[in-house]
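Colleague: pasting the sequence and the predicted model now:
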Amino acid sequence: MSVRVVVVDDHAMFRSGVRAELAQQPGIEVVAEAEDVDSAVRAVSTTRPDVVLLDVHLPGGGGVEVMRRAAGPRYLALSVSDAAEDVIGTIRGGARGYVTKTITGPELAAAIKRVSDGDAVFSPRLAGFVLDAFSGVIDVAAVDEDLDRLTEREREVMRLIARGYAYKEVAKELFISIKTVETHMSNVLRKLQLSSRHELTRWASDRRLL
């Protein structure tokens, strides 16, 4: 029997691409799509899938909120984010695996089948984050406390700046103005009590956020 899958992502073109890719993989059937938390909960309730492919950042509360409200299927996070706090937070929320959107169609199909069978599946780099968290190398509580001070948009700006993006590049990536980037950056430095982007890069690197 095919593994029945719900694809949850707020970008329609990405959902269509995933559906088309999985249609070429034997043993996988996409039974529904959803674009936010509420529609995901409805889709899970209506179709009773085996596996939910879940984006981490969703309108309405994020992927963790979907897992909280719609228990039952196994969840596999499929996200553009490879940040430690996203990986660890999603696994703590109940996901059985976490892979990034650079994954190929056959690899994704294999990951879905493994999660359906009860295995835990991670991209190699992300598995290290989970092991570090459980071994105590990463102080998850401290990371969470720091990040709780930042809004979702401030986190996005923080991560890009810490990775070496120029303000103009951040603005283009997030579809906001350079002035808005500057405002967010000022807020990030103030909230984290840092004085420069160099300190921010070191701060983010120490917490495995890059």
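Modeller: Sure thing, it's come through.
Colleague: can you give me the helices in this structure?
Modeller: Counting by DSSP state H, residue ranges of the helices within the chain are 12-23, 37-47, 63-69, 84-93, 105-116, 124-135, 140-147, 152-162, 167-174, 178-192, 197-206.
Colleague: reformat the ones you listed as CSV; add distance to Val31 and mean pLDDT.
Modeller: In this view, the C-beta of every residue, glycine as well, is placed from N, C-alpha and C. Converted to CSV, the helices of the chain look like this (distance: least, C-beta to C-beta, whole Å; pLDDT from 0 to 100):
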stretch, distance to Val31, mean pLDDT
helix 12-23, 10, 93
helix 37-47, 5, 95
helix 63-69, 16, 91
helix 84-93, 22, 80
helix 105-116, 12, 95
helix 124-135, 27, 67
helix 140-147, 34, 63
helix 152-162, 29, 87
helix 167-174, 33, 90
helix 178-192, 39, 93
helix 197-206, 39, 86
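Colleague: out of these, which is closest to Val6?
Modeller: helix 37-47 (5.0 Å; C-beta to C-beta).
Colleague: pull out the buried residues from that closest one.
Modeller: Of the residues in helix 37-47, those with enough neighbours to count as buried (16 or more other C-beta atoms under 10 Å) are Val37, Asp38, Ser39, Ala40, Val41, Ala43, Val44, Thr47.
Colleague: what helices or strands is it leaning on?
Modeller: strand 3-8, strand 28-34, strand 51-54, helix 63-69 (3 or more C-beta pairs under 8 Å, 6 or more residues apart in numbering; DSSP states H and E).
Colleague: just give me how far that helix sits from the chain centre.
Modeller: Between the centre of helix 37-47 and the centre of its chain there are 19 Å (C-alpha atoms, centre = their mean, to the nearest Å).
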